[in-house]
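*Asks:* Give me the fold of what follows.
(chains A, B, C and D)
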Number of protein chains: 2
Amino acid sequence: MYQQVERVSHDGGMSKQPKYRQVADALRREIDNGTYPPGARLPSESELSARFDASRNTVRSGLGLLVTQGLVTSSQGLGYEVAKHEVFELNASRFEDLSFPQNGDAYSTDVTNAGRRPHQTFRVEIHPAPDDVAERLKVEPGSRTVLRFCHRFVDDVPWSTQATYYPSWLVEEAPRLAEPGDIEQGTTRYLAEHGTEQVGYFDEISTRMPTPDEARRLEIGAGVPVLLWMRTGYSDQRPIRCTVTTFRGDLNRMNYEIGDQAGRENEPQ
Amino acid sequence: MYQQVERVSHDGGMSKQPKYRQVADALRREIDNGTYPPGARLPSESELSARFDASRNTVRSGLGLLVTQGLVTSSQGLGYEVAKHEVFELNASRFEDLSFPQNGDAYSTDVTNAGRRPHQTFRVEIHPAPDDVAERLKVEPGSRTVLRFCHRFVDDVPWSTQATYYPSWLVEEAPRLAEPGDIEQGTTRYLAEHGTEQVGYFDEISTRMPTPDEARRLEIGAGVPVLLWMRTGYSDQRPIRCTVTTFRGDLNRMNYEIGDQAGRENEPQ
DNA sequence: CTGCTCAACTTGTAGGGACAAGTTGATGAA
DNA sequence: TTCATCAACTTGTCCCTACAAGTTGAGCAG
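*Replies:* I've put the predicted structure just below:
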């Protein structure tokens, strides 16, 4: 017959926290103070169960907290591992292409400069405009747009997905947007050569937990949010494109340089 | 005696997904298609248990997925509720204070303009510089800084925390930074009047799951990430302050206007 | 009517068991 | 040696029970 165990623990009486939280807190402290450095393996569930005098289920609840906070990952047969993140910096405030003689791909050059290996898959589709994109492009929801979609990897780790929508009126002026394959000089420059120059943009940045679909595409474990970046580019007349980028939140940081940056580059004193 | 039940379900054989995921996916679909609109209550665990022919634990696992994805919230005694989020837009690219005759507080005016009620608590401390802040301010880690800390609410809901660190050399030139209480004309303008004008800044934006501390201060439920915004302000000589803002990720979106915005304001056609 | 109690719900915590499935390294056969 | 097998670990899924704790509304005492 089952008997409810005494809930009061022997830690001095100031706890009141449920046991699975105590487990999580204790492990979090040990991760923070370096007992378990990034990449280290945690003790197994049964070891922790013995150490904390808790059932395996309770220990699992505690570990689950750490997993959903992104501090540790787990894999069947292997155990729990302290997560390590190297963030990748992304400068979002520089105007792309126009002033730089690069081949139209800021991502590849940025990653290569960081000593990492870029890789991307690319496809072009005709696609009805999603509501949020239609609103920003000032076209009817569901109207035809050209979608240029990019799935990006760094060292073969999924990094981000980027979807750029072009309104159909623009595709008539710049038909190569709808053709599969790269545009060597870069889309921004290609558009400028066809009479539509991007003179400004509006960026919106938000975050949330990934949808199951995003979690699959970006190979995101539990407890890692996505960073959402929506950029609407404008000519001096009207919106010309809308780019929706989804980043793994644990691997990316976005930067904006605004105003005079002289004070940032100087040495101290 | 316990008997493992037959794992194959009667949905045509294409499932393979564990049962708790099937529960989560089914409920997610029904949330997406409006069966359970934002604010609605989900069936209770025992009802779902009957509907899916699963144990309460299994149903709880499925609901737990939705909670950690931020789609639903749960509270003891009340049940599960579909989360509703109204995001608050924050324009981060305008230079504060200098050109506007406001009383130094972009937050209060932004919130009031949105028809919401702002509220904030404020305190000033002498605090050793955290490593990341020290690096950006180009001072020794742990050296004395003045910390001006702000805890902000909208309609009494915790919204964000903001910590601005000023290096000690700057406080000697502008002593009121270290005094508690508001600076009516705004700190940026106050600094300009004392010979230190902020001419540029560098913004870094990232996201992660909240620490238990942040979750408590911002009253964040499970499954809601935080949006981290770190702004380092510069004079033409050197860094003058570093502001670390922590937002509830489900309630905030950051915007940047860069370049000419004429095309954004125009009407279509 | 007001205000209190309490039953009947809800979710939260904690324990138990059994078996599935992934990983690793030792062992033994070829 | 090389390769397949398998035992012994790991976490993953699923079930059961029991009780704690928060919420609500019915119903009763005053």
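*Asks:* in which helix or strand would I find the closest residue in space to A:Ser206 that isn't next to it in sequence?
*Replies:* Distances taken as C-beta to C-beta, 6 or more residues apart in numbering or on different chains put B:Arg253 closest to A:Ser206, at 4.4 Å, once the chain neighbours are dropped. For glycine as for every other residue, the C-beta is placed from the backbone atoms N, C-alpha and C. In this structure, B:Arg253 sits in strand B:252-259 according to DSSP states H and E.
*Asks:* contacts for that strand?
*Replies:* By C-beta atoms under 8 Å, 6 or more residues apart in numbering or on different chains, the surrounding residues in contact with strand B:252-259 are A:92-93, A:95, A:198-206, A:234, A:256, A:258, B:87-94, B:159-160, B:205, B:227, B:229, B:264.
*Asks:* thinking again about what came up before, for beta bridges, what are the partners of the residue nearest to A:Ser206?
*Replies:* With DSSP bridges applied, the residues forming beta bridges to B:Arg253 are B:Glu89.
*Asks:* That one and B:Asn91: what is the separation?
*Replies:* Here the distance between B:Arg253 and B:Asn91 works out to 10 Å (C-beta to C-beta, to the nearest Å).
*Asks:* Pick out whichever of those two has more residues nearby.
*Replies:* Taking B:Arg253 and B:Asn91 together and counting by other C-beta atoms under 10 Å in any protein chain shown, B:Arg253 has the greater number of neighbours (17 against 12).
*Asks:* so after the strand holding B:Arg253, what's the next helix or strand?
*Replies:* Once strand B:252-259 ends, the next helix or strand along the chain (criterion: DSSP H and E) is helix B:262-265.
*Asks:* and that next one, average pLDDT?
*Replies:* Averaging pLDDT along helix B:262-265 yields 80.
*Asks:* Stretch A:248-255 now?
*Replies:* Rounded mean pLDDT across stretch A:248-255 is 92.
*Asks:* Tell me which residues of the strand holding B:Arg253 come out buried.
*Replies:* Of all the residues in strand B:252-259, those buried under the rule 16 or more other C-beta atoms under 10 Å in any protein chain shown are B:252-256, B:258.
*Asks:* Also stretch A:109-129?
*Replies:* Residues of stretch A:109-129 classed as buried by neighbour count (16+ other C-beta under 10 Å): A:110-111, A:116, A:118-120, A:124, A:127, A:129.
*Asks:* Sort out for me which of those residues are in strands.
*Replies:* Among the buried residues of stretch A:109-129, the residues falling in strands (DSSP state E) are A:118-120, A:124, A:127.
*Asks:* Next, the contact list for A:Phe165, please.
*Replies:* To be clear, residue A:165 is Tyr; Phe isn't right here. Remark: with contacts taken as C-beta under 8 Å, 6+ apart, A:Tyr165 is in contact with A:127, A:129-130, A:133, A:137, A:145-147, A:241-244.
*Asks:* picking that back up, now, which of the contacts of strand B:252-259 lie within helices?
*Replies:* Among the contacts of strand B:252-259, DSSP state H puts B:Arg264 in helices.
*Asks:* returning to what we had before: columns distance to DNA strand C on top of the buried residues of strand B:252-259, output as CSV?
*Replies:* Conversion of the buried residues of strand B:252-259 to CSV gives the following (distance: C-beta to the nearest atom of the strand, whole Å):
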residue, distance to DNA strand C
B:Asn252, 25
B:Arg253, 28
B:Met254, 31
B:Asn255, 34
B:Tyr256, 38
B:Ile258, 43
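*Asks:* which two of those lie the greatest distance from each other?
*Replies:* Within these, B:Asn252 and B:Ile258 form the most distant pair, 19.4 Å apart (C-beta to C-beta).
*Asks:* For chain A, what lies in contact range of DNA strand C?
*Replies:* Contacts of chain A with DNA strand C, taken as C-beta under 7 Å from any atom of the strand, map to A:2, A:5, A:7, A:18-21, A:53-58, A:61, A:75-78.
*Asks:* Okay, and which of those map to strands?
*Replies:* Among those, the subset assigned to strands under DSSP E consists of A:Ser75.
*Asks:* Give me the distance between the closest residue to A:Gly200 other than its chain neighbours and A:Glu89.
*Replies:* Nearest residue to A:Gly200, sequence neighbours excluded (C-beta to C-beta, 6+ apart): B:Gly259, at 3.0 Å. From B:Gly259 across to A:Glu89, the span is 22 Å (C-beta to C-beta).
*Asks:* And A:Pro175, by the same measure?
*Replies:* The gap separating A:Pro175 from A:Glu89 is 36 Å, by C-beta to C-beta.
*Asks:* Output the buried residues of strand B:252-259 as JSON lines; include the columns distance to A:Leu48.
*Replies:* JSON lines is the format used below for the buried residues of strand B:252-259 (distance: C-beta to C-beta, whole Å):
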{"residue": "B:Asn252", "distance to A:Leu48": "36"}
{"residue": "B:Arg253", "distance to A:Leu48": "40"}
{"residue": "B:Met254", "distance to A:Leu48": "39"}
{"residue": "B:Asn255", "distance to A:Leu48": "45"}
{"residue": "B:Tyr256", "distance to A:Leu48": "45"}
{"residue": "B:Ile258", "distance to A:Leu48": "50"}
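*Asks:* tell me which of the residues you listed is nearest to DNA strand D?
*Replies:* Taking C-beta to the nearest atom of the strand as the measure, DNA strand D lies nearest B:Asn252 of those, at 26.4 Å.
*Asks:* Could you check the pLDDT of the nearest residue to A:Phe52 once chain neighbours are set aside?
*Replies:* In space, and not counting its chain neighbours, A:Phe52 is closest to A:Val23: 5.2 Å by C-beta to C-beta, 6+ apart. According to the prediction, A:Val23 has pLDDT 97.
*Asks:* repeat for A:Thr112
*Replies:* At A:Thr112, the predicted lDDT confidence score is 85.
*Asks:* my guess is it meets A:Val154, correct?
*Replies:* No: in this structure A:Thr112 lies outside contact range of A:Val154 using C-beta atoms under 8 Å: 10.2 Å.
*Asks:* residues shared between the contacts of those two?
*Replies:* For the pair A:Thr112 and A:Val154, residues contacting each of them under the criterion C-beta under 8 Å, 6+ apart are A:Pro118.
*Asks:* residues contacting the residue in the stretch 101-250 of chain A positioned nearest to DNA strand D?
*Replies:* Evaluated by C-beta to the nearest atom of the strand, the stretch 101-250 of chain A has A:Ala222 as its residue closest to DNA strand D, separated by 8.9 Å. Counting by C-beta under 8 Å, 6+ apart, A:Ala222 touches A:67-68, B:68.
*Asks:* Between these, which sits nearest B:Gly181?
*Replies:* Of the contacts of A:Ala222, the one sitting nearest to B:Gly181 (C-beta to C-beta) turns out to be A:Thr68, at 40.4 Å.
*Asks:* Please name the nearest non-neighbouring residue to the closest one.
*Replies:* Counting by C-beta to C-beta, 6+ apart, the nearest residue to A:Thr68 once its immediate chain neighbours are dropped is A:Gly223, at 4.3 Å.
*Asks:* Quick check: the one you found vs A:Gln76, distance?
*Replies:* With distances taken as C-beta to C-beta, A:Gly223 is found 17 Å from A:Gln76.
*Asks:* Looking at the two, which is more packed in?
*Replies:* Remark: of A:Gly223 and A:Gln76, A:Gly223 carries more neighbours, 24 against 5, as counted by other C-beta under 10 Å.
*Asks:* Distance check, that one against B:Pro167.
*Replies:* Going from A:Gly223 to B:Pro167 by C-beta to C-beta gives 35 Å.
*Asks:* Over to A:Thr35?
*Replies:* Taken as C-beta to C-beta, the spacing of A:Thr35 relative to B:Pro167 amounts to 34 Å.
*Asks:* Mind checking which of the two has more residues around it?
*Replies:* Taking A:Thr35 and B:Pro167 together and counting by other C-beta under 10 Å, B:Pro167 has the greater number of neighbours (22 against 12).
*Asks:* Just grab the bridge partners of the more buried one for me.
*Replies:* Partner residues in beta bridges with B:Pro167: B:Thr145, with DSSP bridges as the criterion.
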